[in-house]
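Engineer: let me see the structure of the following:
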Amino acid sequence: MAADVKKLMKRFDSLKLIRLPYQQHWENIAEFTLPRKRGMTRKLSEGQKLTDSMYDMTPVEAAERLALFLHGALASTAYPFFGMEMRNRRLMDVKSIADWTEECADLVLGSFTQSNWDAESPESLLDDVLFGTSAPLFLDEKPITMPGKRFGGLHFKAVPLAEAYLAENHLGLIDTLFWNHTLAAETVVNLFGKKCSTATRGLAENAPYEPVNLLLAIYPRENANRGPGSFSWEMPYAGCYVELASQTLLDERGFREFPAPTGRWGKANSDRIYGRGRGDTAYPDIRTLNEGVRYKMMSWALAVFPPFMKDIGFAGSVRWLPGAEHEVDGKAFGMNPPIQAITNEARFDVAEAEEEQRREAIRRAFFWSLTELPEKGPQMTAREVQIRLRIMQRALGVDPGRIRSEILEPTIGRSFSMMLHAGVLPPPPDELFQLAGEDGAAVDIVYKGPLAMSQRSDDTIAIESQVDYVLSLYERTEDPAVLDTVDLDEATWARAEYSSTPSKISRGKDQVAQIRAGRAKAQADLAAREERNAQAEEMLKTAQAGKAGQEAAQAAGEPA
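Structural biologist: Residues are numbered from 1 along each chain as shown. Have a look, this model is predicted:
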């Protein structure tokens, strides 16, 4: 059944009202922190100057630095930043299952690498840092361009927060996006053909690059079919394209998962949907710094080109253009000479000291000191780097957790689902269905970025330290009972897990059990064979001794 456009427009109006109280505050933050994000309250004209109110670059540098650091530490494709494992951990002891999850993770990560993820993810995180609500990361499949190809690849779009209207479900997760955006008239007609209004088709012919306002409404469907064979119009999430001017429904799609994961840095008690970010925290210092620099620049101009007073009785003309001229009664002021500069006695040293304090406060708000390694001094050891990363993790608080649960996990999960349904991932091994049981075969995301690795490094170090201690104690005491206190098998597997050792170079518990069973059988066979040989040799010796006794008795003339 086709979507009701009138109902969609009513929902759109409701979402506008919910977002309205946030818009002006976002605009204020953008104006003095990152001007290119302006346009929250009104649409800006193309090419409009955006930095006319900004006098200091510190907020821009601090915000972009934190966003890029979070992307690099959590989700950069420069390294394998995630893996996959079965929620039922005992299934990972089976080599074929461990290899399958690793191969799937490698293929999904490869799709991330070949996509525009590293361009769009930092942009989304920048909105999260500044406004407390990330730009929704709309994830869709690129068109298939080659015959026979089953999957076109991943494509991401960080939806500008100025164009996004959101709602959340009973779990507090964003599950609705109304995206108000524009496309060129020619592009709209190429996408939707005769479904477009007459006006849009006319623009495509006469003014093909004229923008057309579209609304993409993504929302959960009621009584959706979540089965593998569901049609697009009955999938859990609807995606409706509406031409706003004519309120024409252009297309209705379906998504198995919410295709635009959206995160929040943190939420105030009064906030239902939208979050609060570091831009909100630093805003007082940002405004104070901006105004301080502005006033200092005014004082600087007055100091370099001061205004002056001129005795009205002075004969002649003055052509000092940079300064302002003030005619006064020189006799009343006792002016001598008749033209004098007006000095403002500005204390630039005080202004600069206060500015630096405000800059430092802004940098602290955006964790500046934690996002850089020292440029001077001796090179840091691996242990020192791990300690520094853990300090960053603790200082950043809950945010990495929200980024993972609200952005990364649903994004990776949807990518896995898209590729699995497209048939480009290997089929699960038979052992998975045989052993899954009632726990099911749910797959979880495992993060492997620098911050995640720093969290696991303590466990790795603890394992190595304990094993080394037990071995050294055994060397000192030569008491083999000491070795009974450590399960070396579990220590080896645990260290491989915490250090993200590839499954392909590690044997699973089922393989190790088979190898040891084979080795034990071989040893038992060897022992049995040696025992049989020994028995045969003993029997041979006994027979030979008996024969020798008979021969001796016969030689002595005794009866055998």
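
Engineer: shaky segments in the stretch 251-400 of the chain?
Structural biologist: Within the stretch 251-400 of the chain, the segments meeting pLDDT under 70 span 301-351, 372-400.

Engineer: contact partners for K16?
Structural biologist: Residues in contact with K16 (Cβ atoms under 8 Å, 6 or more residues apart in numbering) are Y165. In this view, the C-beta of every residue, glycine as well, is placed from N, C-alpha and C.

Engineer: number of residues surrounding M92?
Structural biologist: Using other Cβ atoms under 10 Å, M92 is surrounded by 18 other residues.

Engineer: secondary structure of G239: a strand, I assume?
Structural biologist: Yes: assessed by DSSP: H, G, I helix; E, B strand; the rest coil, G239 belongs to a strand.

Engineer: in contact with it, which residues are there?
Structural biologist: Counting by Cβ under 8 Å, 6+ apart, G239 makes contact with 216-218, 252-255, 259.

Engineer: what's the pLDDT at it?
Structural biologist: Note on G239: pLDDT of 94.

Engineer: next: S230.
Structural biologist: For S230, the predicted pLDDT is 61.

Engineer: for L66, see how far away D118 is.
Structural biologist: Remark: distance between D118 and L66 (Cβ to Cβ, to the nearest Å) = 17 Å.

Engineer: looking at the two, which is more packed in?
Structural biologist: For D118 and L66, the more surrounded residue by other Cβ under 10 Å is L66, and the numbers stand at 26 against 16.

Engineer: state the distance from that one to S369.
Structural biologist: Distance from L66 to S369, by Cβ to Cβ: 11 Å.

Engineer: check T176 too.
Structural biologist: Using Cβ to Cβ, T176 is found at 38 Å from S369.

Engineer: ok, those two, which is more surrounded?
Structural biologist: More crowded of T176 and S369, by other Cβ under 10 Å: T176, with 20 against 12.

Engineer: give me the three-state assignment for the more buried one.
Structural biologist: Per three-state DSSP, T176 ends up strand.

Engineer: tell me the confidence at M86?
Structural biologist: M86 is assigned 87 on the pLDDT scale.

Engineer: make residue 1 into 9 and carry on from there
Structural biologist: Done: numbering now begins at 9, and the last item shifts to M94.

Engineer: which residues touch the nearest residue to it once chain neighbours are set aside?
Structural biologist: Leaving aside its chain neighbours, M94 sits nearest to M100 (5.5 Å; criterion: Cβ to Cβ, 6 or more residues apart in numbering). Each residue near M100 by Cβ under 8 Å, 6+ apart is listed here: 93-94, 106, 109, 516.

Engineer: which SS class is M100?
Structural biologist: When classified by three-state DSSP, M100 comes out as helix.

Engineer: what about it, distance to T109?
Structural biologist: Distance, M100 to T109, by Cβ to Cβ: 7 Å.

Engineer: next one: the helix of greatest length in the chain to chain centre, how far?
Structural biologist: Counting residues, the longest helix found in the chain (DSSP state H) is helix 517-563. Relative to its parent chain, helix 517-563 has a centroid offset of 66 Å by Cα atoms, centre = their mean, to the nearest Å.

Engineer: picking that back up, next one, pLDDT for the residue nearest to M94 please.
Structural biologist: On the pLDDT scale, M100 is placed at 81.

Engineer: quick one: it and K517, what's the gap?
Structural biologist: Taking Cβ to Cβ, one finds M100 at 9 Å from K517.

Engineer: picking up where we left off before, helices or strands up against the longest helix of the chain?
Structural biologist: Counting contacts by 3 or more Cβ pairs under 8 Å, 6 or more residues apart in numbering; DSSP states H and E, helix 517-563 is packed against helix 496-506.

Engineer: I'd like the mean pLDDT over the helix it packs on, please.
Structural biologist: Average pLDDT, helix 496-506: 70.

Engineer: what does stretch 135-154 give?
Structural biologist: For stretch 135-154, the mean per-residue pLDDT is 91.

Engineer: skip the chain neighbours and tell me the closest residue to the residue most central in space within the chain.
Structural biologist: For the chain, A83 is the residue whose C-alpha lies nearest the centre (Cα atoms, centre = their mean; 4.4 Å). Once flanking residues are discounted, A83 sits nearest to F89: 5.3 Å by Cβ to Cβ, 6+ apart.

Engineer: make sure R280 is indeed in a helix.
Structural biologist: No: using three-state DSSP, the assignment for R280 is coil, not a helix.
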